[in-house]
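Undergrad: can't give you the sequence, but here's the structure:
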């Protein structure tokens, strides 16, 4: 009897989330995530790609990745030229920047350790990361185009080629950033939208940022799959975070490019279409609206530009442009 009752209750809960439609937000903010390294790996002129985002798409909210291996190629020797340029261009165009900093920042391999740091002991790596954060925040704290610090990328979710996960160290990182930034910008902690309840991120960050993926390569099962998660489930978790932790939740990675079994630049066009074509692109945007969130950063702007230039396929670029124009 009890198993049947429990099964019935679970079925009712699932039915509710699949049938319930959270109230849609009228004024949604759309941004993009940009990675210099990812654009280069696609064979693009990354400055040209970045300029097109700001000038052609007219994006006003952009997340940039301050990747450790690019900033500190030699221990104690920093090269901020490329990141300075990105921030200066954003400021000229009146764009707002979320700057992701730390060991783990957007794009594979997730943890972007420079070669000299990869074989150090954990304690030394952590000290070097704190030095990195201190240097970045001290350098850019007067840049008004930066509106949010994202400390690490999904730091509590074990994904990527990373040496360790350490919640206590994450708290030290956040405390350090807050102690340096005289303008008291909020700190965002990101988490897996699909594989977590976001509570640990909410305890540490001022803002919770989550992913929203719909059709992916499921490595464990060696197959492509669509996440069976209804939009209302994201809404319910965000309402819980708001009620219990008094934090807002935004989407910092909305899938708008393929997720292949290999890295994107090694994935054939036919494989790419299995998880992303124009119809799926539009479905993901519609799904996002149904979640009740008011802010989304689209993941894939480099790929749209690559499709436009290399494949003579401006479809995704032009479809995305409608969000800002």
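TA: Yep, it's here. Small disclaimer: the values here were computed from a predicted structure and weren't measured.
Undergrad: burial of residue 322, as a residue count?
TA: Residues lying near residue 322 (other C-beta atoms under 10 Å) number 10. Every residue, glycine included, has its C-beta placed from N, CA and C.
Undergrad: Equivalent analysis for residue 187, please.
TA: Counted with other C-beta under 10 Å, residue 187 comes out at 20.
Undergrad: now it: how far from residue 199?
TA: Computed as C-beta to C-beta, to the nearest Å, the residue 187 to residue 199 distance reads 17 Å.
Undergrad: what does residue 315 give?
TA: On the measure of C-beta to C-beta, residue 315 and residue 199 end up 39 Å apart.
Undergrad: ok, which stretches of the chain are helices?
TA: 2-19, 36-41, 46-52, 68-71, 81-92, 122-140, 167-180, 199-204, 231-245, 269-272, 278-290, 301-310, 315-321 (DSSP state H).
Undergrad: worst average pLDDT in those?
TA: Lowest mean pLDDT of these: helix 2-19, a mean of 62.
Undergrad: hmm, back to that, rebuild the helices of the chain as TSV, extending it with mean neighbour count and distance to residue 218.
TA: Listed next are the helices of the chain as TSV, based on neighbours: other C-beta atoms under 10 Å; distance: least, C-beta to C-beta, whole Å:
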stretch	mean neighbour count	distance to residue 218
helix 2-19	10	20
helix 36-41	21	22
helix 46-52	18	30
helix 68-71	20	29
helix 81-92	16	34
helix 122-140	17	31
helix 167-180	16	27
helix 199-204	20	23
helix 231-245	18	18
helix 269-272	13	14
helix 278-290	16	16
helix 301-310	22	20
helix 315-321	17	23
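Undergrad: can you tell which of these is closest to residue 99?
TA: helix 122-140 (7.0 Å; C-beta to C-beta).
Undergrad: tell me which residues of stretch 180-188 are tucked away?
TA: The neighbour-count check on stretch 180-188 (16 or more other C-beta atoms under 10 Å) flags 181, 185-188 as buried.
Undergrad: out of the helices of the chain, which comes closest to residue 258?
TA: helix 269-272 (4.0 Å).
Undergrad: can you give me the offset of the closest one from its chain's centre?
TA: 23 Å (C-alpha atoms, centre = their mean, to the nearest Å).
Undergrad: Equivalent analysis for stretch 265-284, please.
TA: Using C-alpha atoms, centre = their mean, the offset of stretch 265-284 from its chain centre is 19 Å.
Undergrad: From here on, call the first residue 26.
TA: Will do, 26 is the new start, and the previous item becomes stretch 290-309.
Undergrad: looking at the helices of the chain, which is closest to residue 132?
TA: helix 61-66 (4.8 Å).
Undergrad: Switch the helices of the chain over to CSV; also include distance to residue 277.
TA: What follows is the helices of the chain, written out as CSV (distance: least, C-beta to C-beta, whole Å):
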stretch, distance to residue 277
helix 27-44, 22
helix 61-66, 15
helix 71-77, 18
helix 93-96, 19
helix 106-117, 17
helix 147-165, 19
helix 192-205, 16
helix 224-229, 11
helix 256-270, 13
helix 294-297, 23
helix 303-315, 12
helix 326-335, 14
helix 340-346, 17
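Undergrad: Of all those helices, which one is nearest residue 279?
TA: It's helix 303-315; of the helices of the chain, that one is closest to residue 279 (C-beta to C-beta) at 5.5 Å.
Undergrad: packing partners for the closest one?
TA: strand 232-237, helix 256-270, strand 273-280, helix 340-346 (3 or more C-beta pairs under 8 Å, 6 or more residues apart in numbering; DSSP states H and E).
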